[in-house]
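A.B. asks: Structural data only, the sequence is not supplied:
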């Protein structure tokens, strides 16, 4: 484990966004284009050993992995960078190392990824384990006359009209601390217990999403494909194909339900990752690492 109190290492926090359309998800995979892969390649071109000039491998730890095709308006990661390399970030410009790293990354990254901010991480910060909440939005257009080709990459075009009241009634039955095994792809050693704090739907009346049906989903964390599975199950209820009894039966299953049609990835966007005050970061990270019982 990296010693964050060592003068040899600096932990940087990166806040960034990406259009997930042309990525095979966040996590690095051999032979595939991923967000992590693009960012770590860029970091390798920037972070060099001052003595040898050779690239220093830097691994990113992200707040939450996204599936192939899922977008992020606000994603967070941290990187542990040798202090000697960090001190050289400004180059010949009069700027802080944080600004130097941000500007260099944005100059190397493709157009579908942008780094909004780089900051020096406070003590105890861990992009993954210190996070308090992740908030996602899922956007659906269920009115043919409102379909906009300019937003098709992040809005699901749905052929059947949706009932907002039915969607919210069904969503209310799933909120709280529970086992979401029916909605998750199983991973060895990973728990499927999550605290779902918000699952609600709204037909937006103004702004860029006017006319769209938008789901807001908040939790302390999500397991693999959980949000898209929840949305897929709820869409079936919202269009009248399924009822609350069906949803309750599915939700009680102890392994991934084959009755759920997972919603397409492109309608889903990670909107925000939230963290506690600096003085509570270490305690939050320690609490999160403890396996949910």
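C.D. replies: Sure thing, it's come through. What you see is a predicted model, and the numbers here were worked out from it, not measured in a lab. Numbering: from 1, shown residues only.
A.B. asks: switch to C-alpha atoms for all contacts and neighbour counts from now on
C.D. replies: OK.
A.B. asks: Secondary structure element for the closest residue to residue 143 other than its chain neighbours, which one?
C.D. replies: Of all residues not flanking residue 143 in the chain, residue 161 sits nearest, at 6.8 Å (C-alpha to C-alpha, 6 or more residues apart in numbering). Assessed by DSSP states H and E, residue 161 sits outside every helix and strand.
A.B. asks: Can you check the pLDDT for residue 41?
C.D. replies: pLDDT recorded at residue 41 is 96.
A.B. asks: confidence score at the residue nearest to residue 143?
C.D. replies: On the pLDDT scale, residue 161 gets 95.
A.B. asks: Now do it against residue 144, distance only.
C.D. replies: If you measure residue 161 against residue 144 using C-alpha to C-alpha, to the nearest Å, the figure is 9 Å.
A.B. asks: What is the burial count for residue 107?
C.D. replies: Neighbourhood size, residue 107 [other C-alpha atoms under 10 Å]: 13.
A.B. asks: doesn't residue 171 fall inside a strand?
C.D. replies: No - Residue 171: not assigned to a strand; according to DSSP: H, G, I helix; E, B strand; the rest coil it is helix.
A.B. asks: in what helix or strand does the residue nearest to it when sequence neighbours are not counted lie?
C.D. replies: Leaving aside its chain neighbours, residue 171 sits nearest to residue 199 (5.7 Å; criterion: C-alpha to C-alpha, 6+ apart). Taking DSSP H and E as the definition, residue 199 sits inside strand 193-203.
A.B. asks: what packs against that strand?
C.D. replies: helix 164-172, strand 176-179, strand 213-219 (3 or more C-alpha pairs under 8 Å, 6 or more residues apart in numbering; DSSP states H and E).
A.B. asks: Now do the last one against strand 193-203, angle only.
C.D. replies: For strand 213-219 and strand 193-203, the angle between their directions (axes from the mean of the first three to the mean of the last three C-alpha atoms, to 10 degrees) works out to 160 degrees.
A.B. asks: Quick one: residues contacting the residue nearest to residue 143.
C.D. replies: Contacts of residue 161 were listed using C-alpha atoms under 8 Å, 6 or more residues apart in numbering, and they are 142-143, 239.
A.B. asks: what kind of secondary structure is the residue of the chain positioned farthest from its centre in?
C.D. replies: The outermost residue of the chain relative to its centre, with distances by C-alpha atoms, centre = their mean, is residue 51 at 36.8 Å. Three-state assignment for residue 51 (three-state DSSP): coil.
A.B. asks: What ranges does the stretch 101-250 of the chain have for its helices?
C.D. replies: Using DSSP state H, counting those that start in this stretch, the helices of the stretch 101-250 of the chain run over residues 164-172, 226-238, 244-251.
A.B. asks: okay if I get those helices as CSV plus mean pLDDT, distance to residue 36 and mean neighbour count?
C.D. replies: Listed next are the helices of the stretch 101-250 of the chain as CSV, based on pLDDT from 0 to 100; distance: least, C-alpha to C-alpha, whole Å; neighbours: other C-alpha atoms under 10 Å:
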stretch, mean pLDDT, distance to residue 36, mean neighbour count
helix 164-172, 98, 32, 18
helix 226-238, 97, 21, 22
helix 244-251, 97, 33, 16
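A.B. asks: Can you lay out those as CSV showing distance to residue 149?
C.D. replies: As requested, the helices of the stretch 101-250 of the chain are exported to CSV (distance: least, C-alpha to C-alpha, whole Å):
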stretch, distance to residue 149
helix 164-172, 24
helix 226-238, 22
helix 244-251, 33
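A.B. asks: All good on my end, thank you.
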